[in-house]
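In: sequence plus the predicted model coming up.
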Amino acid sequence: MGFQIGTLASHSALGILAGARAEGFETVLYCPSEKRRKVYDVFNAADQTIMLKKGYHELLEVYTDNVILIPHGSFVSYLPLEEFLSAPLRMFGTRKLLQWESNRKLKSELMLEANLLVPSETFDPQNANFPCIVKYHGAKGGKDFFVAKDEKELEQNLTDEPALIQQFISGVKVYATYFHSLMRDRLEIFGTDIRYESSIDAKLNFDETPGFTIVGNIPTILRESLLEDFLTMGEDFCKAVKTKLGAEMVGPFCLEAIVDSDLNIWTFEFSGRIVAGTNIFIPNSPYSYLQFGHEMWMGRRIALEIKEAIESNKIHQVCV
Amino acid sequence: MGFQIGTLASHSALGILAGARAEGFETVLYCPSEKRRKVYDVFNAADQTIMLKKGYHELLEVYTDNVILIPHGSFVSYLPLEEFLSAPLRMFGTRKLLQWESNRKLKSELMLEANLLVPSETFDPQNANFPCIVKYHGAKGGKDFFVAKDEKELEQNLTDEPALIQQFISGVKVYATYFHSLMRDRLEIFGTDIRYESSIDAKLNFDETPGFTIVGNIPTILRESLLEDFLTMGEDFCKAVKTKLGAEMVGPFCLEAIVDSDLNIWTFEFSGRIVAGTNIFIPNSPYSYLQFGHEMWMGRRIALEIKEAIESNKIHQVCV
Amino acid sequence: MGFQIGTLASHSALGILAGARAEGFETVLYCPSEKRRKVYDVFNAADQTIMLKKGYHELLEVYTDNVILIPHGSFVSYLPLEEFLSAPLRMFGTRKLLQWESNRKLKSELMLEANLLVPSETFDPQNANFPCIVKYHGAKGGKDFFVAKDEKELEQNLTDEPALIQQFISGVKVYATYFHSLMRDRLEIFGTDIRYESSIDAKLNFDETPGFTIVGNIPTILRESLLEDFLTMGEDFCKAVKTKLGAEMVGPFCLEAIVDSDLNIWTFEFSGRIVAGTNIFIPNSPYSYLQFGHEMWMGRRIALEIKEAIESNKIHQVCV
């Protein structure tokens, strides 16, 4: 087809590259170290590996135009955002959305536009509702988040760095992943998972302030009657992207929610691209099997969308 | 074959309908709202969708005789039980068992007949053993259950509604699903899952009385040496159904248990039909793969049994 | 091929036997009781079942030379180790390693040789670091382990039996399973799971000292950037086996770890053979699918290695 599919060696690259191959693409891996390379070699993950000796940002220098990049969480965390977003890269998805994801104020603005039920938020400790969870800028895997049950705990743990103070909701974590397909004109529900975080998910915990560092993901499936609310939430999110960004939502996104005991769904974050929670659903989630009837993981779903876009001469529609 | 397979749009309908299709049946969905319909349309779940504008009970009016209904949890929760059980519906499974499942006294009676190890139970707060869990009538997803560690907590939270007070066992939840096949004359172990409940399964919980509202299910697999006890429990349950109801146990059922640290298995509930915990095992559970060697989820297993019953002219044996 | 594959009726036998069949072997099950036999009959697990009327150790008497035994946790727990290791059995894997796994001092020695980050350990209560976890000899499913947060709790619960006192790390459990293939000359990462233990994993717990009795396993997948550390750990473990035992690491092994909130990986145990956590990944783990592109569970992976060894006349290399 002329195009290769490439990504950075982290986050969800194994599934992205295997999915690209399953749909017939050649694959390129951009890799920051020899140690990291060994992992991808064990899985024979890529047709071509390009070493980034100067770090992730070297991607911008070594990139060639025949590669369609699939952005994931490490793009958001480790690349210089402004430079990266304005660079002449062919990148799958709604590029501008990565900026909204990375900026707390824009993020909240978009979630409100989508009419999602969100916990109350403030940047001013004086306005905090308790219990609260305190989050610093960026998406570095949940490290340095903390929960404070009252004013005193908040004061003790707060640093000078600007921080979002979010109302803490008692309930269970559900991370719902969607795929908005322009080629098939539909919103698919891909799967739901639970983030496995240290040390908050330890069963016996002697940490004074348990952390929210992401270690992995656990599969779950929703009570089926909740799907209608989650579907509406996904649709409203796509509409909000169109309204606020003036662009279609393309491909995978994730709404990160707490479901309380009254089945209220509180969305406290979103990700505007593939999330690592989809990794547990290789080669299938229950929902992807129901929809496709054969192996279909998120990396493959992305490649399928690209293939269909290429075949109908609409590649510009899925790399916006 | 002449028969269609149908069910209500909730609970485990996605898997039921996809399973029916996989075994060659046409499918009918009975759907209570347009919002709900969208979910099933996204999955292209049914060949035919019949709207129930007056609510679930309208099923009894719109039902036609060529449809084999697959009952699930929403039948038990939302249909007028007496009317529904006596209606001239062609329904897979052991219909009378749904009544035993819905009635706390009958439920306990059947579990005792099956020689299951059960927590002590009483309807009289004076006779409660502590800690205890208090359960109101019906199976509405665990909402309004609560745990009391002593007499004081019990008094504070108890309402006037009649409630079952069950001894609370410290241990881990295991929901074991079985399939009793008359066509193949065997009891199959399908899978085990963990209910994911809000807010009891929250990792940090600021709720005064954490709820047991079902949000989803998480897959698990048993320590293999426990299978012999679980198998015996399943066999004994089938015998008890025959003794007490005078009918064969047909198809899926679930024993809902707590396993304590001495590996005692305490059964505190059963479901006499497909449970939502099987949804996580689409297209396979480890056990179903071991048994069939290809995709086999519970919805498909049901349809396979029906197909084999039709082929051998025994449809009346599996719709009792 | 002349060889059959056999194992004891427990632990991971269902997957081992199904895997052997998938690779074309005839299978033998050694079974300690009729009740146990029923489980394996339900799954039609073995071509031949040999009853061990006198108990597990009768295996040594009824064994015939055309059978390749696959050892698992029940071999370690229930067979007389010395006798078993010196018996003329054809057994897959690195036999001597089972001895190192069974002996706390040897176990710790090997983990240190592998440069794994391990919690501090002592057999002397005077030298304990707190919080600590106390472990008695053997691998009987975690029963009788307990956690003490201080000297007082340690004294109260300690018996006269010699016990390892290990530093307790706050963090989340991750059990990583590997397969070291001599036939393909590579170390594969098979999967990660979470042990489901009673009553420590109960959500509401009224036990005075929660136990660590294994009830089952839950699937998880690692944050992808952690794979490089886990891969290095696995490689170092294989090297340590070679150095300390003078033999190649053959086949499956497991590193049992706690990941703390700084992403330090603390290894507190290893298993030198198949672990039960692989059972949840039948017919696939995400990693095994990525590596093989079709159904590949651990039991099948073992049989594949044996088949390739037989084909290249190297069976002695994989049964050492």
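Out: Arrived safely. Being a predicted model, the structure only gives us computed values, none of them experimental.

In: C-alpha from now on. contacts and neighbour counts both.
Out: Fine.

In: hey, where'd the helices end up in the stretch 51-200 of chain A?
Out: Taking DSSP state H, counting those that start in this stretch to define them, one finds helices in the stretch 51-200 of chain A at A:59-62, A:73-78, A:81-86, A:95-102, A:104-113, A:151-157.

In: relative to A:Q4, which of the ones you listed is closest?
Out: Nearest to A:Q4 among the helices of the stretch 51-200 of chain A is helix A:59-62; the distance by C-alpha to C-alpha comes to 14.3 Å.

In: lowest average pLDDT across the helices of the stretch 51-200 of chain A?
Out: Ranked by mean pLDDT, these end with helix A:81-86 at the bottom, a mean of 88.

In: list the helices and strands that one packs on?
Out: When contacts are defined as 3 or more C-alpha pairs under 8 Å, 6 or more residues apart in numbering or on different chains; DSSP states H and E, helix A:81-86 sits against helix A:95-102.

In: how far out from the middle of the chain is the helix it packs on?
Out: 11 Å (C-alpha atoms, centre = their mean, to the nearest Å).

In: same deal with stretch A:6-16?
Out: Its chain's average C-alpha position is 13 Å from that of stretch A:6-16, according to C-alpha atoms, centre = their mean.

In: which of the helices of the stretch 51-200 of chain A is buried the deepest?
Out: Mean neighbours per residue, mean count of other C-alpha atoms under 10 Å in any protein chain shown, is largest over the helices of the stretch 51-200 of chain A for helix A:95-102, with a mean of 20.

In: got the angle between that one and helix A:104-113?
Out: On the basis of axes from the mean of the first three to the mean of the last three C-alpha atoms, to 10 degrees, helix A:95-102 is oriented at 110 degrees to helix A:104-113.

In: show me what contacts A:M233?
Out: Residues near A:M233 by C-alpha atoms under 8 Å, 6 or more residues apart in numbering or on different chains: A:A114, A:N115, A:L116.

In: ok, now how distant is it from B:L226?
Out: Per C-alpha to C-alpha, to the nearest Å, A:M233 is found 41 Å from B:L226.

In: quick check, A:Y175 in contact with A:Y196.
Out: No: A:Y175 is not in contact with A:Y196 according to C-alpha atoms under 8 Å; the separation is 11.3 Å.

In: show the buried residues in the contacts of A:M233.
Out: Neighbour counting over the contacts of A:M233 (16 or more other C-alpha atoms under 10 Å in any protein chain shown) leaves A:A114, A:L116 as the buried ones.

In: ok, so of the contacts of A:M233, who is nearest chain C?
Out: Using C-alpha to the nearest C-alpha, A:L116 comes nearest to chain C of these, at 27.7 Å.

In: mind listing what the closest one touches?
Out: A:L116 neighbours (C-alpha under 8 Å, 6+ apart): A:M233, A:W266, A:T267.

In: run the last query once more with 10 Å
Out: Contacts for A:L116 (C-alpha atoms under 10 Å, 6 or more residues apart in numbering or on different chains) come out as A:S108, A:L110, A:T232, A:M233, A:G234, A:D236, A:F237, A:L255, A:I265, A:W266, A:T267, A:F268.

In: in helices, which of the residues you listed fall?
Out: Taking DSSP state H as the definition of helices, those contribute A:S108, A:L110, A:T232, A:M233, A:G234, A:D236, A:F237.

In: many thanks, have a good one.
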